[in-house]
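[1] no FASTA, just this:
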C-alpha cells in the first residue's frame, strides 16, 4: 500500500478550475488557460504522503525554484509567468504560488547524476550499470562519477515508484531528436547547478527535471533544484562508502524506520504522524539549504 495517508480536499477558488492533487502541489487552470501551481507543506516518504506537514516547506520550494530559474535563464527558458496571487486566493497561497505557461509536457523524468547513490547504486551493484550505462569497477555509495550521466525515469502516479529507463527507451517514446535535446539540456543545467552549489559548500549528487514544449521551444517546468527534487550533501562531510548526510527528508526517513515510530514499512498500515522535533529539524534543514544556496536569509 502507498499513497496519501489523508488525501486533502482542494480549495475551490473562483475563476480557477482544480486539475490535480500531487504529492506536494495543487494544480489549477485560470480563465486565461494558464496553470496555477500551489506548493503545499506536505511531505512524502517511502511512497506515502504523510499526515504531518512541514511549515514553510512549500514556500521554500517555490522561492528556491524561482532563484534557480534566474541562474539558468541563459541555458533554458522556464515556465513561470507570474508570482501574483490570483484574485480570491487565500492569503496562505502567498509565496507558494506560481502562474505558469501551459506546456506540452514530456512524459519523462530527466535525471542527472554526478554521484552514485540511491536506485543508481542498487543497479550498479547488480550490473555495474545505471540505466544501462556502463560504469567503472570499484565505485561505492557516494562515489563521484567520472562524468555526469543522464539517467531518465518514467513518471509515476502518487504512491508509485518512478522507474529508471534507458536512453534508448526515451528515444523510442519521444523521438531521437527530442531525447537528444533532453539529455543535452539536462546535463547542461546539472553542470551549471553543480558548480554553483559547490561554490557554496554543497554537493549536488543528483537531481531531476521536468520539461515541456511551447511550440518548438523546450521549457523547464515544475520545481527545479530543490531538496525535494535533488540530493544535496554538505561538501565538508562527504565521505564515499556510506550514506551521506543530506538537505532533505533524512530526519523523516530516519524516524519512520526507527523503533520509535512503531511503523512497519513492509506492513499494510500507513505511517504515523511525525513528532514535533522531527518536524522542526526537517523545516530547519530545508531552510538551511535555501540560505546556503541563495546566500540570503529566510524570513
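    Good, I have the coordinates. This structure is a prediction, so every number in the text was calculated from the model and none was measured.

[2] beta-bridge partners for residue 212, please?
    Following DSSP bridges, residue 212 is listed with bridge partners residue 105, residue 219.

[3] show me the contacts for it.
    79, 103-106, 218-219, 221 (CB atoms under 8 Å, 6 or more residues apart in numbering). For glycine as for every other residue, the C-beta is placed from the backbone atoms N, C-alpha and C.

[4] out of the residues you listed, the closest to residue 175 would be?
    residue 106 (10.3 Å; CB to CB).

[5] next, count neighbours for the spatially closest residue to the closest one that is not a sequence neighbour.
    Spatial nearest neighbour of residue 106, excluding adjacent residues (CB to CB, 6 or more residues apart in numbering): residue 211 at 5.0 Å. The tally of other residues near residue 211 (other CB atoms under 10 Å) stands at 24.

[6] residue 211 touches residue 182, doesn't it?
    Yes - here residue 211 reaches residue 182: they are 6.2 Å apart, a contact under CB atoms under 8 Å.

[7] and the contacts of the longest helix seen in the chain?
    In the chain, assigned by DSSP state H, the helix with the most residues is helix 176-199. Outside of helix 176-199, the residues within contact range by CB under 8 Å, 6+ apart are 68, 71-72, 75-76, 106, 108, 110-112, 114, 148, 150, 152, 167, 170-171, 174, 203-204, 207, 209, 211, 218, 220, 224-225, 232, 235, 293.

[8] tell me which of these fall in strands.
    Per DSSP state E, strands hold the following members of those: 108, 110-112, 114, 148, 150, 203-204, 207, 209, 211, 218, 220, 232.

[9] between those residues, which is closest to residue 142?
    Once CB to CB is applied, the member of these that ends up nearest residue 142 is residue 203, at 9.0 Å.

[10] contacts only, for that closest one.
    For residue 203, the contact set (CB under 8 Å, 6+ apart) comprises 115, 194, 197, 232-235, 238, 244.

[11] that one pairs with what?
    Here residue 203 sits in beta bridges with residue 233, as judged by DSSP bridges.

[12] ok, so what distance separates it from residue 70?
    Per CB to CB, to the nearest Å, residue 203 is found 22 Å from residue 70.

[13] please apply the same query to residue 121.
    Distance, residue 121 to residue 70, using CB to CB: 33 Å.

[14] cool, and residue 76?
    Distance of residue 76 to residue 70, computed by CB to CB: 12 Å.

[15] PyMOL command to pick out the buried ones of the contacts of residue 203?
    A single PyMOL command selects the buried members of those (16 or more other CB atoms under 10 Å):
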select buried, resi 115+194+197+232+233+234+238+244
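
[16] now render the contacts of residue 203 as JSON lines, adding pLDDT and distance to residue 273.
    Listed next are the contacts of residue 203 as JSON lines, based on pLDDT from 0 to 100; distance: CB to CB, whole Å:
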{"residue": "115", "pLDDT": "97", "distance to residue 273": "33"}
{"residue": "194", "pLDDT": "98", "distance to residue 273": "36"}
{"residue": "197", "pLDDT": "98", "distance to residue 273": "33"}
{"residue": "232", "pLDDT": "96", "distance to residue 273": "26"}
{"residue": "233", "pLDDT": "97", "distance to residue 273": "28"}
{"residue": "234", "pLDDT": "96", "distance to residue 273": "29"}
{"residue": "235", "pLDDT": "97", "distance to residue 273": "34"}
{"residue": "238", "pLDDT": "97", "distance to residue 273": "33"}
{"residue": "244", "pLDDT": "94", "distance to residue 273": "27"}
